[in-house]
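Peer 1: Sequence plus the predicted model coming up.
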Amino acid sequence: MKRTLTLTVAIGALAAGAAGCAALSNGMSGNDGATTQVANSPVRPGAPAPALTEANLRGQAPTAAEATAFVADAEKQLAEASEYAGRVAWVRATNITHDTMWLEARANAEYTELSVKLANEAARFNDVDVPFDVRRKLNILTQGIVLPAPNKPGAATELAEITTRLDSTYATGRFEYKGEMITLDEASRMLAESRDPAETKALYEGWRTIAPVMADDYTRMVDIANEGARELGFDDVGAMWRSGYDMEPDAFAAETDRLWSQVQPFYENLHCYVRTRLFETYGADVQPDSGPIRADLLGNMWSQQWGNIYDVVAPKTGGTSSYDMTELLVDAGYDAEKMVRTGEGFYTSLGLAPLPDTFWERSQITRPEGREVVCHASAWDLDNLEDVRIKMCTEVNAEDFYTVHHELGHNVYQRAYKDQPFLFKNGANDGFHEAIGDFVGLSALTPTYLNQIGLLDEVPGADEDIPFLLKMALDKIAFLPFGLMVDRWRWDVFSGETSPDEYNDAWSANMLKYQGLVPPGDRPDNAFDPGAKYHIPGNTPYTRYFLAHIYQFQFHRAACEQIGWTGPLHRCSIYGNEAVGERFNAMMEMGQSRPWPEAMYAFTGQRTGDASAITDYFAPLNAWLTEQNEGKDCGW
């Protein structure tokens, strides 16, 4: 995950690796016929009315020269403020105390006040004919605030205090289990390994006991941020988030529906197979052979990835896997730093620059002793130039091996666009920023790559394709509906369609609708299960992860075509190919300076998201799953 500065209130391109929101496009039509917003239209979708400035009242319209000067000054102010806020955020995330929380809340409030002030001032240039880059920057100023505070005394401070409190409550959360207070890390490990449904239920429900205390804060936060969004001309915060993808907000929602429709049948096929195997393992009293799946049985605290239960669902036919990634790493003597240096080696093999010395001096690679920290993996850019870092509590296992490659992708992207103007120092859209490392991770998980770096003596034959693809699908495909449902829940909360007393019921309803899952038991009246997922109290928009899971396969297919790969797509590794690296870097160097379809085209030759690369990658597995599910009552 690329860390969003302050996780709540930052504008698009910030020192701590802020989540990106694109603005206007060049009016291109994608190959599916969806047309994006015209580039030089003077007002973006949902733009606020021009502010009543003193010049307006005198009948003097602002000029293009004034707009250009305003943008230059705004970038200067934001660049200076973002570095300070980013460094304060880093200190709090790596040493959570009362004082560091206070410092971050104050820095957040100051940054929010500045960003809201500049966003409102930008509105006075809505009707001014300005160059493309100036218009794009003006729109980023208003569209890139994750949670805007209204422009009134005390609002930014209150919002910052709430968001810091929510984030820290999550980070320091513990619950009692068998007489001991345990952390999320400890609970997650036990949940992944346990095959006792009573224990998985207790762990699943136990972690969620940290969340009810967040509910009132979350409700108040929604009210404040919605007021701020309306001041900026949006219906609510959800509409503001959806406006950042070079298309109308409603068109973006439809686009995510279109992408989901491309892969939904495959997900339902996987769901059907996994449910059958869980039924065979636990019996109908625990997991019936029809209907939804019990969420705690899937080996992940949020049931967003199912790879931890591979031993339960491994193929009875179709081959077996001859290696275990975690065992390979342990047997080869890997430690946390070697994991990270191996990830760096993938990027340098593509001809990209090595990480600076300061990365190794300043990153948090393992959990430090004696202090509370945010262990959720994240990548940071503290000065918009070279001070890039990761923050992880790295363990030597397959999951963190992948995560390292993912997080370093953010740092590589940040360095690629470091020469762009401040407001363009970001991903083409926020899905791109997440997809970069995931794209590299697709190669990093192949037995081809493991052989290339000496972890595997031989690349297994085709008889291991089904086990490999099933492992990949349990994580990659199982994630897709979760990646969609988190923000669908949030969009309804921001719009008011879901009221505070419906928060938890709506969350469970989305689990059922998109994932086909149910909690292991009735939820208490005060439950606030959304708060048990980091990105909700951390206020990180989540649709980016859904997009990233589409884009990464699109990038992978394009890269493999570029190297002339003719074998199965799931066996392709681009490790060591500098020609791909050169074209890849050219896309990354664009940052947010152009509409995302142009960045997509620069690397893939396509101008829209296309989930058909997923069906290409998993075609052998989907055919095999169809055979396994013959005669079954699939769906829920």
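Peer 2: Looks like it came in fine. Quick caveat, the model's predicted, so the values are computed rather than measured.
Peer 1: so who does the residue nearest the centre of the chain touch?
Peer 2: Residue closest to the mean C-alpha point of the chain, counted by CA atoms, centre = their mean, is Tyr545 at 3.8 Å. Counting by CB atoms under 8 Å, 6 or more residues apart in numbering, Tyr545 makes contact with Gly431, Glu434, Phe479, Gly483. (C-beta placed from N, C-alpha, C; glycine too.)
Peer 1: Include secondary structure when you put these into CSV, please.
Peer 2: Shown next, in CSV, are the contacts of Tyr545 (DSSP: H, G, I helix; E, B strand; the rest coil):
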residue, secondary structure
Gly431, helix
Glu434, helix
Phe479, helix
Gly483, helix
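Peer 1: between those, which is closest to Glu205?
Peer 2: Glu205 has its nearest neighbour among the contacts of Tyr545 in Phe479, at 22.3 Å by CB to CB.
Peer 1: Show me the shaky parts of the stretch 1-150 of the chain.
Peer 2: 1-59 (pLDDT under 70).
Peer 1: I'd like to know how far the residue nearest to the centre of the chain sits from Met485.
Peer 2: Per CB to CB, to the nearest Å, Tyr545 is found 11 Å from Met485.
Peer 1: first vs last residue of stretch 245-252, how far apart are they?
Peer 2: By CA to CA, to the nearest Å, the extent of stretch 245-252 from end to end equals 7 Å.
Peer 1: can you check stretch 314-322 too?
Peer 2: Terminal-residue distance, stretch 314-322 (CA to CA): 12 Å.
Peer 1: Pull out the buried residues from it.
Peer 2: Buried positions in stretch 314-322, judged by neighbour count with 16 or more other CB atoms under 10 Å: Ala314, Pro315, Gly318, Gly319, Ser321.
Peer 1: which stretches of the stretch 201-350 of the chain have low pLDDT?
Peer 2: Those would be 318, if you go by pLDDT under 70 across the stretch 201-350 of the chain.
Peer 1: Apart from its chain neighbours, what residue comes closest to Gly299?
Peer 2: Asn308 (3.0 Å; CB to CB, 6 or more residues apart in numbering).
Peer 1: any idea how far that neighbour lies from Leu191?
Peer 2: Distance from Asn308 to Leu191, by CB to CB: 8 Å.
Peer 1: Buried residues of whichever strand or helix holds Ala69, list them for me.
Peer 2: Element membership of Ala69, judged by DSSP states H and E, is helix 64-93. Across helix 64-93, burial judged by 16+ other CB under 10 Å covers 67-68, 70-71, 74-75, 78-79, 81-83, 85-93.
Peer 1: And for stretch 321-339?
Peer 2: Ser321, Tyr323, Met325, Thr326, Leu328, Leu329, Tyr334, Ala336, Met339.
Peer 1: picking up where we left off before, so how far is the helix holding Ala69 off the chain centroid?
Peer 2: Taking CA atoms, centre = their mean, to the nearest Å, one finds helix 64-93 lying 23 Å from the centre of the chain it belongs to.
Peer 1: From the contact counts, what lies against that helix?
Peer 2: For helix 64-93, the packing partners by 3 or more CB pairs under 8 Å, 6 or more residues apart in numbering; DSSP states H and E come out as helix 98-122, helix 132-143, helix 155-171, strand 378-381, strand 388-391.
Peer 1: Mind checking those for the one nearest to Arg523?
Peer 2: helix 155-171 (18.5 Å).
Peer 1: from the middle of its chain, how far away would the following helix or strand past the closest one be?
Peer 2: Where DSSP H and E defines the elements, the next helix or strand beyond helix 155-171 is strand 174-177. Chain-centre distance of strand 174-177: 28 Å, with CA atoms, centre = their mean.
Peer 1: What segments of the protein are strands?
Peer 2: Residue ranges of the strands in the chain, as given by DSSP state E, are 174-177, 180-183, 293-294, 378-381, 388-391, 517-518.
Peer 1: if we can go back for a sec, okay if I get the contacts of Tyr545 as JSON lines plus neighbour count and distance to Ala109?
Peer 2: JSON lines is the format used below for these (neighbours: other CB atoms under 10 Å; distance: CB to CB, whole Å):
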{"residue": "Gly431", "neighbour count": "27", "distance to Ala109": "29"}
{"residue": "Glu434", "neighbour count": "27", "distance to Ala109": "28"}
{"residue": "Phe479", "neighbour count": "23", "distance to Ala109": "34"}
{"residue": "Gly483", "neighbour count": "23", "distance to Ala109": "31"}
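Peer 1: For these, work out which two are farthest apart.
Peer 2: Pairwise over the contacts of Tyr545, using CB to CB, the maximum falls at Gly431 and Phe479, 13.4 Å.
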